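S.K.: coords please:
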Amino acid sequence: MELTVTLERAELRSALFGPGDVNLKMIRDSFNVQMFARAGAVKITGAAGNVSRAATVLSTLQRNMRRNEPVTPQSIADAIAAAAAESQELEAVDVIQVYNARAVQPRSPGQRRYVEAIRRHDMVFCTGPAGTGKTYLAVAVAVNMLKTGKARRMILARPAVEAGEKLGFLPGDMQAKVNPYLRPLFDALNDMMDFDQVRRFMANDIIEVIPLAFMRGRTLNDSVIIVDEAQNTTCLQMLMLLTRMGHGSKMIVTGDDSQVDLPEDVTSGLIDAGRRLKGIKGLIFIRLDKHDIVRHRLVQKIVEAYALNAEAGKDSRQGMPRRRVDAAGVGLDEDDPAGV
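M.R.: All right, here's what the predicted structure looks like:
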């Protein structure tokens, strides 16, 4: 496995690495990995678990430096011990049993905290970049709850924001119209259950995969409810879906707050909920990050590249002239006031 850890402050590199890179060598030898420092980043290669543990140590040391805590041999030893202990705890966690004699297991400390949060709380909000397992793990827990009788129904909902929730112009019946937007949820289900079983459960309303608008006016008792892509809900939609929760139910709300597809003047319901609801007993907010990405190794690098651009205030429109409209409705460039 190969993993690259970006240095948050390149000017502190010497303090983090130590004289002659002695600190890196200590981490390297503790986890039997290779570490290469270059251009504001550290590339770590080796066995997957050891690479993850070494990356955790570097992240811990950088966090300590943000708090103005010095990097010392003792602080490195403490970080190494904590990473090793957390890894052992992670490996001991119960797997999530689903159908088809399969099991799903969290693959990072962040994922483990997420699964434990779902088990212990009635309402969980999880945010993080693509590939961190937000939806997949939520579906796995939901399938397990169905299998063990802890829930009678599973409701999977997703906003069809690309179609503006107005699907009438698309061909086919309503199911055909919304299926493309719900496909990621079907993919996760079909990984954990036989196709015929999914179809039978859906025919009996044990499993529902629906666009968000279909939840309006309902009270969902004894159900596990998953709301995916919640960053694309409005504040009113978020209020509507959170208040669908009935007795004996559990709700998991997932999304990537860096990928909001709503109009610029519309506040994301997921971001708004994070501001309004923190501190309410019985619900919890979990944040996954690049260290929890479990897709192709390139996904982590792509997420890091886009995050760096976002921090610098860049986007795909940077460098392009801004547009305004004259009295006749003709678009003008900001640097061409005469429109000629």
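S.K.: could you show me where the helices are in this protein, in order?
M.R.: 13-17, 22-31, 48-66, 73-92, 109-120, 134-147, 174-192, 195-203, 235-242, 269-277, 297-311 (DSSP state H).
S.K.: Please tell me how far residue 280 sits from residue 123.
M.R.: Residue 280 sits 9 Å away from residue 123, going by C-beta to C-beta, to the nearest Å. (C-beta placed from N, C-alpha, C; glycine too.)
S.K.: neighbour count winner among those two?
M.R.: Applying other C-beta atoms under 10 Å to residue 280 and residue 123 shows that residue 123 carries more neighbours, namely 20 against 9.
S.K.: residue contacts, the nearest residue to the more buried one once chain neighbours are set aside?
M.R.: Closest residue to residue 123 in three dimensions, ignoring its sequence neighbours and counting by C-beta to C-beta, 6 or more residues apart in numbering: residue 283, at 3.8 Å. Contact analysis of residue 283 by C-beta atoms under 8 Å, 6 or more residues apart in numbering lists 121-125, 277.
S.K.: Reformat the residues you listed into CSV and put distance to residue 187 and pLDDT next to each item.
M.R.: Formatted as CSV, the contacts of residue 283 follow (distance: C-beta to C-beta, whole Å; pLDDT from 0 to 100):
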residue, distance to residue 187, pLDDT
121, 26, 93
122, 27, 94
123, 25, 96
124, 21, 96
125, 22, 97
277, 29, 94
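S.K.: Which single one of the residues you listed is nearest to residue 110?
M.R.: In terms of C-beta to C-beta, no member of these lies closer to residue 110 than residue 124, at 13.3 Å.
S.K.: tally of neighbours for the closest one?
M.R.: Neighbours of residue 124 using other C-beta under 10 Å come to 23.
S.K.: what separates the residue nearest the centre of the chain from residue 144, distance-wise?
M.R.: Among the residues of the chain, the one closest to the centroid is residue 128, at 2.7 Å (C-alpha atoms, centre = their mean). According to C-beta to C-beta, residue 128 and residue 144 sit 21 Å apart.
S.K.: so what's residue 238 closest to, chain neighbours aside?
M.R.: For residue 238, the spatially nearest residue (C-beta to C-beta, 6+ apart) is residue 269, at 2.9 Å.
S.K.: quick one, what contacts residue 294?
M.R.: 107-108, 111, 131-133.
S.K.: Count the neighbours of the residue nearest to residue 238 for me.
M.R.: By other C-beta under 10 Å, 29 other residues sit near residue 269.
S.K.: what's the answer for residue 84, then?
M.R.: Neighbour number of residue 84 under other C-beta under 10 Å is 16.
S.K.: my guess is it contacts residue 53, does it?
M.R.: Yes: judged on C-beta atoms under 8 Å, residue 84 makes contact with residue 53 at a distance of 6.3 Å.
S.K.: that older thread, I'd like the contacts of residue 294 laid out as JSON lines, including distance to residue 207, neighbour count and pLDDT.
M.R.: Output for the contacts of residue 294, formatted as JSON lines (distance: C-beta to C-beta, whole Å; neighbours: other C-beta atoms under 10 Å; pLDDT from 0 to 100):
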{"residue": "107", "distance to residue 207": "25", "neighbour count": "18", "pLDDT": "82"}
{"residue": "108", "distance to residue 207": "28", "neighbour count": "22", "pLDDT": "84"}
{"residue": "111", "distance to residue 207": "23", "neighbour count": "25", "pLDDT": "90"}
{"residue": "131", "distance to residue 207": "24", "neighbour count": "19", "pLDDT": "87"}
{"residue": "132", "distance to residue 207": "24", "neighbour count": "30", "pLDDT": "91"}
{"residue": "133", "distance to residue 207": "20", "neighbour count": "25", "pLDDT": "91"}
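S.K.: What is the nearest of those to residue 304?
M.R.: Closest to residue 304, out of all of the contacts of residue 294 and judged by C-beta to C-beta, is residue 131, at 12.0 Å.
S.K.: Surely the closest one and residue 303 touch.
M.R.: Yes: shown here, residue 131 and residue 303 form a contact pair, counting by C-beta under 8 Å, at 7.4 Å.
S.K.: which residues are in contact with both of the two?
M.R.: Common neighbours of residue 131 and residue 303 (C-beta under 8 Å, 6+ apart) are residue 293.
S.K.: thinking again about what came up before, need the contact list for the residue nearest to residue 238.
M.R.: 230, 233-239.
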